[in-house]
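> Below are the sequence and a predicted model for it; my questions follow.
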Amino acid sequence: MTQESVEKKQKLVQSEQNGWLPPSVKEMKDPFQFASATHHSKIPERIAESPNEPVYLGVDEAGRGPVLGPMVYGIAYCLEKYSKELKKFGFADSKTLKEEKRTELFQIMDQEEHELNVNVGWATRTMTARDISSGMLQPSHGKGSYNLNEQAHDATIQLVREVIQSGVNVKYLYVDTVGPPTTYQAKLQREFPGINVTVAKKADSIYPIVSTASVVAKVTRDMNLQYYVDNLATIDDGRKLGSGYPSDPNTSKWLNGMVDPVFGWNFGLVRFSWQTAKDSLVRNGAVDVIYEHDCVKNDAGYVEIDSFFTEKADKIGRDFYGKSVTL
């Protein structure tokens, strides 16, 4: 880790001392590498004490649409018999809760000895803007685009699999859908044949365990972005990042005011694959860049030499050279 990275890590610790941060943000190893990361809580005591009892697990995400910052997948899990208890704490679709309430809920989940802490486990997968765009912008003649839905599916599968591998007896899986619910449910059911899988629209407002996952994802996403708001002041000319959504005036001003003509933006905070970012580059005079893979010509393949002496030669010439050829 570089000296600069150490100093920025120290700032993160200072931020935590000034106010609570979730472990999914506090324990970022090197924030300015903008590398995607996974964080798991410890296995809750009640689940560890009853390893054979069935467990409910919910999945939701936050930050799918923003042009700045990560998309975070969150999961939460508890014993089946405890799942109904979540309602009494006020868990709901995170978008319907005020920021203070979301933070309060996640904070008490993080407090040792609290009822939620000993009953509910959680995990996050923070997918950075850098990695999201790197996947989506892969050249078509290589692996091809790793689209956002595929990335989301893989993040979900990874988190669920890791919880199962830790010894948790997951028997019911509830997921807020990405894409058509029926197709996604069938995919997850194939991945986890021993689990009862339910994929639904608005699952975060229907199933309390998904509501809990929604809070975990949303707070992690918001506080992750807030960390950069607090620590980019020396290199972003003091502009406010805003929420990261294209409709946010502060985000729009920052995005359009920080364009480098060659590199676009010097931070792994921007989703270059978003149309909003592409439009900003064009609008603000970024130079056209030709990448090496764009120079690779498609090979039309070999043909028999005698084909050049047939009545089809003229057509073959056009196929190869884009114009009529007289042989």
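Good, I have the coordinates. Numbering: from 1, shown residues only.
> contacts, neighbours, all on C-alpha from now
Will do.
> helix/strand/coil for residue 174?
Counting by DSSP: H, G, I helix; E, B strand; the rest coil, the backbone at residue 174 sits in strand.
> Check the one 4 residues further on too.
When the structure is reduced to helix, strand and coil (three-state DSSP), residue 178 reads as coil.
> what's the burial count for the nearest residue to it once chain neighbours are set aside?
Leaving aside its chain neighbours, residue 178 sits nearest to residue 149 (6.5 Å; criterion: C-alpha to C-alpha, 6 or more residues apart in numbering). Neighbour count for residue 149, taken as other C-alpha atoms under 10 Å: 12.
> Grab the nearest non-local neighbour of residue 202.
Counting by C-alpha to C-alpha, 6+ apart, the residue nearest residue 202 is residue 176, at 6.2 Å.
> no wait, residue 120
residue 78 (4.8 Å).
> Tell me which strands the helix or strand where that neighbour lies pairs with, and in which orientation.
Assessed by DSSP states H and E, residue 78 sits inside strand 71-79. Paired neighbours of strand 71-79 in the sheet (DSSP bridges): strand 55-62 (antiparallel), strand 121-127 (antiparallel).
> so who does residue 124 touch?
24, 38, 39, 40, 72, 73, 74, 75, 159, 216, 217, 220 (C-alpha atoms under 8 Å, 6 or more residues apart in numbering).
> Which single one of those is nearest to residue 46?
residue 40 (16.5 Å; C-alpha to C-alpha).
> quick one: the closest one and residue 120 touch, right?
No - Residue 40 is not in contact with residue 120 according to C-alpha atoms under 8 Å; the separation is 11.8 Å.
> Of those two, give the one with the bigger neighbour count.
Each of residue 40 and residue 120 has its neighbours counted (other C-alpha under 10 Å); residue 120 has more, 27 against 17.
> Skipping adjacent residues, who's closest to residue 127 in space?
Closest to residue 127 by C-alpha to C-alpha, 6+ apart is residue 36, at 4.7 Å.
> ok, which stretches of the chain are helices?
Counting by DSSP state H, the chain has helices at residues 3-18, 23-26, 45-49, 99-109, 115-119, 129-136, 148-165, 181-191, 203-206, 208-231, 249-257, 275-283, 313-321.
> how near is the residue nearest to residue 127 to residue 270?
14 Å (C-alpha to C-alpha, to the nearest Å).
> which of the two has more neighbours?
Higher neighbour count among residue 36 and residue 270: residue 270, with 23 against 18, using other C-alpha under 10 Å.
> Quick one: residues contacting the more buried one.
Per C-alpha under 8 Å, 6+ apart, neighbours of residue 270: 67, 68, 69, 129, 130, 277.
> switch to 7 Å and redo it
67, 68, 69, 129, 130 (C-alpha atoms under 7 Å, 6 or more residues apart in numbering).
> And the protein, what are its domain boundaries?
Domain assignment of the chain by automatic domain parsing yields the ranges 34-228, 303-327.
> Point out the most buried one among the ones you listed.
domain 34-228 (a mean of 19; mean count of other C-alpha atoms under 10 Å).
> thinking again about what came up before, wait, doesn't the residue nearest to residue 120 sit right on residue 58?
No - using C-alpha atoms under 7 Å, residue 78 is not in contact with residue 58; the gap is 9.2 Å.
> Could you check the pLDDT of the residue nearest to residue 127?
Note for residue 36: predicted pLDDT of 96.
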